[in-house]
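A.B. asks: sharing a model prediction with you, sequence too.
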Amino acid sequence: MKLLFAWRYFKSRKSTNAINIIAWISVLAIAVGTAALIIVLSVFNGFEDLVKSLYGDFYSDIKITPAKGKFIQLSPSQILSVKKVNGVRGLSLVVEEKAMLVNGDCNSIVFLKGVDENYDKVNGISSQSHIIRGDYHLGVVDTPALVLGVGIENAVCVDPAFRGSELTIYLPNRKASNFNSLDAMNAYNVSVAGTFMVQQEFDNKYAFTNLSFVQNMLNLPADEYSGIEVAVSNQEQVDQIKQQLQKTLGDKFIVQTRYEQNQSLYSIMQVEKWVIYGILSLILVVAAFNMIGALTMLVLEKQKDIAVLKAMGATSNLVQKIFLNEGLLLAAIGGIAGMIVAIIICFLQLKFHLVKLQGGTFIVDYYPVKMYPFDFVLVSITVLLVAVLAAWIPSKKASTREFSLKS
């Protein structure tokens, strides 16, 4: 009954057109605020998903590193125990060290990553979507080849298409007695097989080659590595697999999931999302002021109706709920309309890429969007709370004031 009263008050003609105008303005403001929240959160979700996919192509599902020092010795039995953990789909052994690449007057400091033949099973760097020039080919210990980030390729002035060119790679000599002497660095000529592009942070930092070559250059024994990178069969079980690996290997190893390897990045992304949500919620606060004005004027318009209801035995609580429902009705109409508009806009953006990104240097050339049900629930709750708070003041006044039937 309360909702019926609210609906009749909403659609009935008012003595003053200003009441209708203010009511529709509040509905429009709620619709705009709702649509803006859904669209911006969806765009943020799209960028977040894109960034996660890029980082996911570079970082493995789980990474195992030494708790102390840079390198770890792994026996065949330890490697086998990792493989036998339920949910482990594959693993790759890696050695990582800083190196210098020199090509005449061009040079660059890089993080050189030596990987085994299984690396493409735990990492997406070898896919054709990331290899933009040349091939993913790492050579062997005697004839190593490099796959460079596009930023490093520019820094060392090399073109993978020109196979005749070579770089000189310098790595620290761990057996050197004097690190200021000429024998402090090991040098070797290597060819460039290909260039990858994932994300600027990686493109300007990493180069890949085969594992045996890096071990040989660093004078490492065959069973010594920087870590193990692991791929899992089910992403939803990655935390359980991590715990099992930690239990299997012991406290001499650090086991991290992909998100833990980039915890600061993902934490910042979550904070940014909540900040955006808070800022855009201010649009709904503005709509709340319009709603307060519309309901206050409606209370004055319907003062004789209120007097009749009370004369017929209606309680103050019933009168208050009628006008609370009026506020919820305005919010529901605006909120639903805003969500429909947001869905249409997001669908058109996904289908036709209407809004483009400027510059042409991004992985995608349009604003990515991704709608999550949680965002719709969150925005619905926000609209509901704003409507209740906005309708509370005029509904409370309507229930406590005494109106007379006399004109």
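C.D. replies: Thanks, I have it.
A.B. asks: stretch 196-204: which residues count as buried?
C.D. replies: The neighbour-count check on stretch 196-204 (16 or more other Cβ atoms under 10 Å) flags 196, 197, 198, 199, 202, 203 as buried. C-beta coordinates here come from the backbone N, C-alpha and C atoms, glycine included.
A.B. asks: looking at the residues you listed, which are in helices?
C.D. replies: 202, 203 (DSSP state H).
A.B. asks: in JSON lines: the buried residues of stretch 196-204, plus pLDDT and distance to residue 234.
C.D. replies: As requested, the buried residues of stretch 196-204 are exported to JSON lines (pLDDT from 0 to 100; distance: Cβ to Cβ, whole Å):
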{"residue": "196", "pLDDT": "95", "distance to residue 234": "27"}
{"residue": "197", "pLDDT": "91", "distance to residue 234": "29"}
{"residue": "198", "pLDDT": "89", "distance to residue 234": "24"}
{"residue": "199", "pLDDT": "86", "distance to residue 234": "26"}
{"residue": "202", "pLDDT": "92", "distance to residue 234": "26"}
{"residue": "203", "pLDDT": "94", "distance to residue 234": "30"}
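A.B. asks: report the two of the buried residues of stretch 196-204 separated the most.
C.D. replies: 196 and 199 (10.3 Å; Cβ to Cβ).
A.B. asks: run me through the strand neighbours of the helix or strand encompassing residue 95, direction for each.
C.D. replies: Using DSSP states H and E, residue 95 maps to strand 88-103. Partner strands and pairing direction for strand 88-103 (DSSP bridges) are strand 106-115 (antiparallel), strand 166-172 (antiparallel), strand 227-232 (antiparallel).
A.B. asks: quick one: mean pLDDT for the second one?
C.D. replies: Throughout strand 166-172, pLDDT has a mean value of 92.
A.B. asks: same question for the shortest one.
C.D. replies: For strand 227-232, mean pLDDT is 96.
A.B. asks: quick one: contacts of the helix or strand following it?
C.D. replies: Downstream of strand 227-232, the first helix or strand assigned by DSSP H and E is helix 238-249. By Cβ atoms under 8 Å, 6 or more residues apart in numbering, the surrounding residues in contact with helix 238-249 are 61-62, 64, 78, 81-82, 85-88, 230, 232, 253, 255-258.
A.B. asks: tell me the angle of helix 238-249 relative to strand 227-232?
C.D. replies: 140 degrees (axes from the mean of the first three to the mean of the last three Cα atoms, to 10 degrees).
A.B. asks: in CSV, list the C-alpha atoms belonging to helix 238-249.
C.D. replies: Extracted C-alpha coordinates of helix 238-249, given in CSV (Å, rounded to 0.1, in the frame of the first residue of the first chain):
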residue,chain,number,x,y,z
VAL,A,238,46.8,-21.4,-7.1
ASP,A,239,46.9,-20.5,-3.4
GLN,A,240,46.4,-24.1,-2.4
ILE,A,241,49.2,-25.2,-4.8
LYS,A,242,51.5,-22.5,-3.4
GLN,A,243,50.9,-23.7,0.1
GLN,A,244,51.7,-27.3,-0.9
LEU,A,245,54.9,-26.2,-2.7
GLN,A,246,56.0,-24.3,0.4
LYS,A,247,55.3,-27.3,2.6
THR,A,248,57.2,-29.6,0.1
LEU,A,249,60.3,-27.3,-0.2
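A.B. asks: quick check: next helix or strand after that helix?
C.D. replies: strand 253-257.
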